[in-house]
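In: below are the sequence and a predicted model for it; my questions follow.
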Amino acid sequence: VSSPSTVVLYAVFDSGGGSGSGGTDVYRSVNGAANWTLALTGTTTDGFNKVECAEGSPATAYALNNSSSQTEGIWKTTDSGATWNNVFTPSTSGGNVTLGWCDWDIIFQEGQPWIQLKVDPANPNRVAATDLDCSYMTTDGGSTWSEVYSTFADTLPVGAGKKWSTRDLEVTTAWHYYINPWTPTTHYIAQSDIGLQRSTDAGNTWYHSLPFSVTWHNTIYEMAFDAGASVIYAAASVQHDIPHSTQIKTSVTLRAGGVLKSTNNGVSWMAVSTGLPAIPATSILRDPANGNLYVAMWGNATAGTQGGVYMSSNNGTSWSVMNTGLGNSTNFHAYQLKEDTGGNLYCMISGYLAGTTWTPGGIWKFPNGGSSWTYLTANGDGAGVPLYYLQGFDIDSSGMTIYAASMKYGSPSQKGLYRSINGGTNWT
């Protein structure tokens with residue numbers, strides 16, 4: 001970074017050489033990289049991951065600090081890195097940061113690492129920073145900061161569990177958008193990392209509806225509604241991003257999940273998972289004909305972590321496995337459930353990758369009144385090869401037309417959309 005009078009270089013360096021034995025430090029050079037001096041010392045639990053300054057103003061720079069104590073810092077120098085001070089001190093009882101909903105409902109309970117920092121090239125007092133959840137800006141060189149992703153829309157005081165409107169900077173996976181069938185002005189967004197959002201005014205403003213006191217608060221994959229009893233069920237987990245390629249590998253540790261139930265339109269939730277393994281729940285379906293609940297569990301073939309499909313006939317009080325005929329060898333990455341108008345149940349199992357070896361997934365059908373699952377995608381690619389890595393599927397009301405979205409890489413490559421118009425007998 002240059003100015004008419006001096007050149008200052010800043011660099012972030014892992015003093016542990018990536019081994020985890022040291023911190024991530026900030027160094028500076030004032031002689032064109034001929035020599036470097038330590039400017040800020042980090043540790044493995046309290047290190048720096050980004051440093052920025054304005055073009056033409058190298059004396060003023062900012063560095064992002066991530067701490068294991070779940071506090072974030074932004075350190076500033078005004079003397080070319082000779083001395084530094086933390087200028088970002090958020091607090092629920094003071095501090096110099098105007099907080100948003102994500103700060104109140106998530107950050108101060110979980111903490112998130114910084115990921116990006118930018119300084120206005122023409123104004124070193126104008127800085128923006130973002131972590132995995134929230135975004136902030138200062139226009140006075142860090143004396144004060146304001147969140148820039150939401151707007152408070154409730155009665156004072158500001159705090160956790162309040163209502164906000166969004167500025168569209170909550171960037172995470174949104175799995176589904178639901179409208180409550182008995183209260184149509186109540187809407188829900190099922191999401192990764194930030195759980196569940198609930199609106200009582202048709203989507204204009206939102207509550208964070210899955211506080212940290214709720215088991216499996218990270219991700220809601222799917223919801224099911226019992227309109228007759230005004231009850232909502234949710235497939236939940238602390239394992240996010242299923243079925244992304246990062247989650248299908250055998251090296252990934254299965255994390256907890258299960259079924260949640262709400263009797264007050266999603267204001268509060270309780271776990272109803274007796275009989276389920278402690279693994280992610282990814283899909284939930286309620287049969288309108290008999291009230292039975294079905295849940296897809298993302299797991300393997302091992303007792304205690306066995307994935308597949310589980311059924312409850314008592315509103316979630318207890319569950320029993322129904323895996324006869326379901327799955328391929330070790331692959332029980334059950335991900336999605338559907339039901340046709342005839343009461344036939346369909347289950348999609350996603351990919352399963354051990355090193356470079358794939359175990360096929362696919363789509364199975366459990367006929368109404370039947371006793372076992374039938375494999376529909378043994379010839380899923382139309383050339384005698386099963387479908388290995390499905391991302392989603394859908395059926396028409398009769399179950400005769402089925403669409404399957406595939407993204408298997410490697411050989412054979414199965415990237416694209418597959419269709420059957422005869423109930424899964426043939427595919428193109």
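Out: Looks like it came in fine. Numbering: from 1, shown residues only.

In: so what's the residue most central in space within the chain scoring on pLDDT?
Out: Centroid-nearest residue in the chain, with Cα atoms, centre = their mean: Ser192, separated by 2.6 Å. For Ser192, the pLDDT comes out at 94.

In: again with Ile115
Out: With respect to pLDDT, Ile115 has a value of 87.

In: who's in contact with it?
Out: By Cβ atoms under 8 Å, 6 or more residues apart in numbering, the contact list for Ile115 reads 130-132. Any C-beta I mention is one placed from the backbone N, CA and C, and that applies to glycine too.

In: turn those residues into TSV, columns for pLDDT.
Out: Putting the contacts of Ile115 into TSV (pLDDT from 0 to 100) gives the following:
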residue	pLDDT
Thr130	91
Asp131	86
Leu132	81
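
In: the residue nearest to the centre of the chain contacts Asp241, doesn't it?
Out: Yes: with contact defined as Cβ atoms under 8 Å, Ser192 counts as touching Asp241 (5.9 Å).

In: quick one: the longest strand along the chain to chain centroid distance?
Out: Counting by DSSP state E, the longest strand found in the chain is strand 57-67. Distance, stretch centre to chain centre, for strand 57-67: 29 Å (Cα atoms, centre = their mean, to the nearest Å).

In: quick check: mean pLDDT of that strand?
Out: Strand 57-67 carries an average pLDDT of 88.

In: got the contact list for whichever helix or strand comes after that strand?
Out: Next along the chain after strand 57-67, taking DSSP states H and E as the criterion, comes strand 72-77. The contact list for strand 72-77 (Cβ under 8 Å, 6+ apart) reads 39-40, 48, 59-67, 83-90, 107, 111-112, 114, 117, 127, 129, 131, 141-142.

In: mind putting the contacts of Ile115 in TSV, distance to Gly275 and neighbour count included?
Out: Putting those into TSV (distance: Cβ to Cβ, whole Å; neighbours: other Cβ atoms under 10 Å) gives the following:
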residue	distance to Gly275	neighbour count
Thr130	42	20
Asp131	38	19
Leu132	34	17
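
In: looking at the chain, which helix or strand is least sure?
Out: Least confident helix or strand, the chain: helix 108-110 with a mean of 63, by mean pLDDT, DSSP states H and E.

In: CA atoms only: put the next helix or strand after that helix into PDB for me.
Out: The C-terminal neighbour of helix 108-110 among helices and strands, as given by DSSP H and E, is strand 114-120. Extracted C-alpha coordinates of strand 114-120, given in PDB (Å, rounded to 0.1, in the frame of the first residue of the first chain):
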ATOM      1  CA  TRP A 114     -14.800 -13.100  11.000                       C
ATOM      2  CA  ILE A 115     -14.500 -13.900   7.300                       C
ATOM      3  CA  GLN A 116     -14.100 -10.500   5.500                       C
ATOM      4  CA  LEU A 117     -12.900  -6.900   6.000                       C
ATOM      5  CA  LYS A 118     -12.900  -4.000   3.600                       C
ATOM      6  CA  VAL A 119     -11.700  -0.400   4.000                       C
ATOM      7  CA  ASP A 120     -13.000   2.300   1.600                       C
END
